[in-house]
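S.K.: Sequence first, then the predicted structure, then my questions.
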Amino acid sequence: MTNKIFFLMVIAGVPLSVIGSLMHWSQTLMFIIYCLTIVSLAAYMGRATESLAVIAGPRIGGLLNATFGNAVELIISIFALKEGLIGIVLASLTGSVLGNLLLVAGLSFFIGGIKYKRQHFNVHDARHNSGLLMFAVIVAFVIPEVFSMEMTETKSFNLSVGISIILIILYLAALFFKLVTHRGVYQRGEESTEEHEEPEWSKGKSIGILALATVAVAYVSESLVHTFETVGETFGWSELFIGIIIVAIVGNAAEHASAVIMAFKDKMDVAVEIAVGSTLQIALFVAPLLVLISIFFPVNMSLIFTLPELIAMGSAVLLTVVIANDGETNWFEGMTLLAAYVIMGIGFYML
């Protein structure tokens, strides 16, 4: 039933997005159409990566899901950078970190915990990811903020470029560690049983749908960015709220749904890999990549977040590390993460 709804949304949403932009329909109406279209396209990307996850295994599958889920947000952010909307881009990065660690992980733990009393995932992966999370968010994002207080804008950007290069190198090294040198070293024995599940789509069909959906998302995302200013004025939303809540949720819709579905099926290794792996990819790869891409645009983007953004991200990381470090979870821990997300969402709305 859900798949039929998303199919109808894609069939109707893509043509309406094209027609509406050509005929200059109401910006508010088009904002809604663009968001719903991106969410439905993201659902297809999620199903395709789920199929690839069954074929490739939970670890690589989770990485693929996180990558293509973040591809949507990366595309939106590039077009926002092009328009000089630096505040929205930085806010959307913050929203992705909060959304993945608190909303996605929280919903996964909560929904899965309702069906199962206790759910387990690879504790070694959890501890490895905890160190990277602490580094990526608390060190790599806080340091530029502290040092930039004594720097000119040009020096702050140069510092951000240097940090971005280091972060990308570290992210590639982390992939090499998990997928090559230490692949299977910390794997749990029961993961092998997941290999017998049949994928929904074949490898070729999954890749083809991913490619087509990504192209469609790129087109709709460019149009979506042009509606931000009007929608913000209409609803009284700040750039911060649009980036942290709206763009982050729309941009990460694919992985949000996939992680919850995996948790409901008691595949917590994949669910946690999507939620935490996506956060690491945002902090160690997407954010620094956007800094480097901004070199080619009139307005450069430094890794300088506002104080509320930094405190919110740091709190989310610490809470997630404390909850996930034991390798098991339940519905109450999921509710705790969700409560933290709602509290932060209210705070950013009030700003």
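M.R.: Yep, it's here.

S.K.: per-residue confidence averaged over the helix or strand hosting residue 261?
M.R.: Using DSSP states H and E, residue 261 sits within helix 253-264. For helix 253-264, mean pLDDT rounds to 78.

S.K.: can you check stretch 231-249 too?
M.R.: The average pLDDT within stretch 231-249 is 86.

S.K.: Can you give me the buried ones in it?
M.R.: Judged by neighbour count using 16 or more other C-beta atoms under 10 Å, the buried positions of stretch 231-249 are 231-232, 237-249. Every C-beta, even on glycine, is put in place using the N, C-alpha and C of the backbone.

S.K.: swap in stretch 23-31?
M.R.: Buried residues in stretch 23-31 (16+ other C-beta under 10 Å): 27, 30-31.

S.K.: With stretch 292-312 instead?
M.R.: For stretch 292-312, the neighbour count (16+ other C-beta under 10 Å) marks 293-294, 300-305, 309-310, 312 as buried.

S.K.: what's the span of it, first residue to last?
M.R.: Terminal residues of stretch 292-312 are spaced 25 Å apart (C-alpha to C-alpha, to the nearest Å).

S.K.: can you list contacts of that stretch?
M.R.: Contacts to stretch 292-312, defined as C-beta atoms under 8 Å, 6 or more residues apart in numbering, come from residues 78, 81-82, 84, 86, 89-91, 93-94, 98, 140-142, 144-145, 148, 153, 156-157, 159-161, 163-165, 240, 244, 287-288, 290-291, 313, 344, 347-348, 351.

S.K.: Among those residues, name the buried ones.
M.R.: Here, 16+ other C-beta under 10 Å leaves 78, 81-82, 86, 89-91, 93-94, 98, 140-142, 144-145, 148, 156-157, 159-161, 163-164, 240, 244, 287-288, 290-291, 313, 344, 348 buried among the contacts of stretch 292-312.

S.K.: in the stretch 251-351 of the chain, what spans have low per-residue confidence?
M.R.: Within the stretch 251-351 of the chain, the ranges that satisfy pLDDT under 70 run 254-255.

S.K.: Can you show me the strands along it?
M.R.: Using DSSP state E, counting those that start in this stretch, the strands found in the stretch 251-351 of the chain span residues 328-329.

S.K.: Same question for the stretch 101-250 of the chain.
M.R.: Secondary structure of the stretch 101-250 of the chain (DSSP E, counting those that start in this stretch): strands located at 119-120.

S.K.: if we can go back for a sec, go through the buried residues of stretch 231-249 and name the one nearest residue 109.
M.R.: Residue 109 has its nearest neighbour among the buried residues of stretch 231-249 in residue 249, at 18.2 Å by C-beta to C-beta.

S.K.: Would you enumerate the residues in contact with that closest one?
M.R.: Per C-beta under 8 Å, 6+ apart, neighbours of residue 249: 95, 99, 103, 256.

S.K.: How about residue 13?
M.R.: So residue 13 contacts 33, 36-37, 40-41, 220 (C-beta under 8 Å, 6+ apart).

S.K.: For the residue lying closest to it once chain neighbours are set aside, pull up the helix or strand it's in.
M.R.: Using C-beta to C-beta, 6 or more residues apart in numbering and skipping the chain neighbours, the partner closest in space to residue 13 is residue 37 (3.2 Å). Element membership of residue 37, judged by DSSP H and E, is helix 27-56.

S.K.: picking up where we left off before, can you pull the pLDDT of the residue nearest to residue 13?
M.R.: At residue 37, the pLDDT value in this model is 92.

S.K.: Please report the distance of it from residue 44.
M.R.: Distance of residue 37 to residue 44, computed by C-beta to C-beta, to the nearest Å: 11 Å.

S.K.: the more surrounded of the two?
M.R.: Legend: neighbour count by other C-beta atoms under 10 Å for residue 37 and residue 44, higher for residue 37 (26 against 22).

S.K.: Could I get the contacting residues of the more buried one?
M.R.: With contact set as C-beta under 8 Å, 6+ apart, residue 37 has these partners: 9-10, 13-14, 16-17, 216, 220.

S.K.: same question, residue 141
M.R.: Going by C-beta under 8 Å, 6+ apart, residue 141 touches 283, 303, 305, 310, 313.

S.K.: Repeat that for residue 71.
M.R.: 45, 214, 217.

S.K.: now with 6 Å?
M.R.: If a contact means C-beta atoms under 6 Å, 6 or more residues apart in numbering, then residue 71 has no contacts.

S.K.: after whichever strand or helix holds it comes which helix or strand?
M.R.: Element membership for residue 71, per DSSP H and E: helix 58-82. Next helix or strand after helix 58-82 toward the C-terminus (DSSP H and E): helix 86-98.
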